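Novice: Quick check, what structure comes out for this input:
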Amino acid sequence: MITALKSRERGSTRIGWLDSRHTFSFGDYHDPAHMGFRALRVINEDRVLPGQGFGTHGHRDMEIISYVLEGALEHKDSLGTGSVLRPGDVQRMSAGTGVRHSEFNGSKTEPVHFLQIWIIPEKQGLPASYEEKHFEPGDLAGRFRAIVSPGGKDGSLDVHQDASMYAAVLAPGQPTTFELRPGRHAWVQVARGALSVNGTVLKPGDGAAVSEETRLDFVASEPAEVLLFDLA
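Specialist: Now for the predicted structure:
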């Protein structure tokens, strides 16, 4: 069963420097029908104007992943980590017992476009930690590459939950298959482009909940970048 959530059905926050679209309930946007999917709690698509961003604030007991699509995202946190993330860079911050951080557009002239993803950890009170990794375009071309997974398998980032995040960049007409183990669930999120999954058409910003399926067949109708979450 595949249930699509169209981009236009998402919540939104629009202020002077931020245009944010919320796949699931977040902040002032509350939809009881979309509180998350399995351990996946937040997918925010954020566009931030040059030189602006999220000031220092705190989190606890959440796995927070940033996936940069365009521009430069400047990160600083109370763990002493500071970096500038660009397309191909993925960061994972385990808020655990508590961490404070800021996320700013690292450019004074160009906007930044990124996905902020939250996954509920397997247990509370884990030590706070940070990790980042760069994936080349060729790593994702024509296949689903694990970029976050429990234990950091195959060179991916580690996450404290039975949840794996994959990314793929698909050329038009290129068929790609993802196999799900029986009893697993998936969430598909289109970052850009357009594709079909088992015949369900998805466009930029669209997502889809997947249950009771063991094979997902993807075909892009235009160049597409897509995330897939394999969930318990």
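
Novice: How confident was the prediction at the residue positioned nearest the centre of the chain?
Specialist: In the chain, the C-alpha nearest the mean C-alpha coordinate belongs to residue 117, at 4.4 Å (C-alpha atoms, centre = their mean). For residue 117, the pLDDT comes out at 98.

Novice: Doesn't it belong to a strand?
Specialist: Yes - looking at residue 117 with DSSP: H, G, I helix; E, B strand; the rest coil, it is inside a strand.

Novice: how much space between it and residue 86?
Specialist: In this view, residue 117 and residue 86 are 17 Å apart by C-beta to C-beta, to the nearest Å. Where you see a C-beta, it was placed from the backbone N, CA and C, and this is true even at glycine.

Novice: number of nearby residues for residue 6?
Specialist: For residue 6, the neighbour count with other C-beta atoms under 10 Å is 12.

Novice: so what's the residue lying closest to it once chain neighbours are set aside scoring on pLDDT?
Specialist: Leaving aside its sequence neighbours, residue 6 sits nearest to residue 206 (C-beta to C-beta, 6 or more residues apart in numbering; 5.4 Å). Per-residue pLDDT puts residue 206 at 98.

Novice: Residue 56 touches residue 100, doesn't it?
Specialist: Yes - Residue 56 lies in contact with residue 100 (C-beta atoms under 8 Å); the separation is 5.5 Å.

Novice: Between those two, tell me which one has more neighbours.
Specialist: residue 100 (14 against 11).

Novice: Just confirm the more buried one contacts residue 77, I think it does.
Specialist: Yes - applying C-beta under 8 Å, one finds residue 100 in contact with residue 77, separated by 6.6 Å.

Novice: Going by neighbour count, list what's buried in the longest strand anywhere in the chain.
Specialist: When the chain is parsed with DSSP state E, its longest strand is strand 215-231. Neighbour counts over strand 215-231 (16 or more other C-beta atoms under 10 Å) mark 216, 218-220, 224-231 as buried.

Novice: will you turn these into a markdown table that also has pLDDT and distance to residue 51?
Specialist: Output for those, formatted as a markdown table (pLDDT from 0 to 100; distance: C-beta to C-beta, whole Å):
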| residue | pLDDT | distance to residue 51 |
| --- | --- | --- |
| 216 | 98 | 40 |
| 218 | 98 | 37 |
| 219 | 98 | 40 |
| 220 | 97 | 35 |
| 224 | 97 | 31 |
| 225 | 97 | 26 |
| 226 | 98 | 30 |
| 227 | 98 | 28 |
| 228 | 98 | 33 |
| 229 | 98 | 32 |
| 230 | 98 | 37 |
| 231 | 98 | 37 |
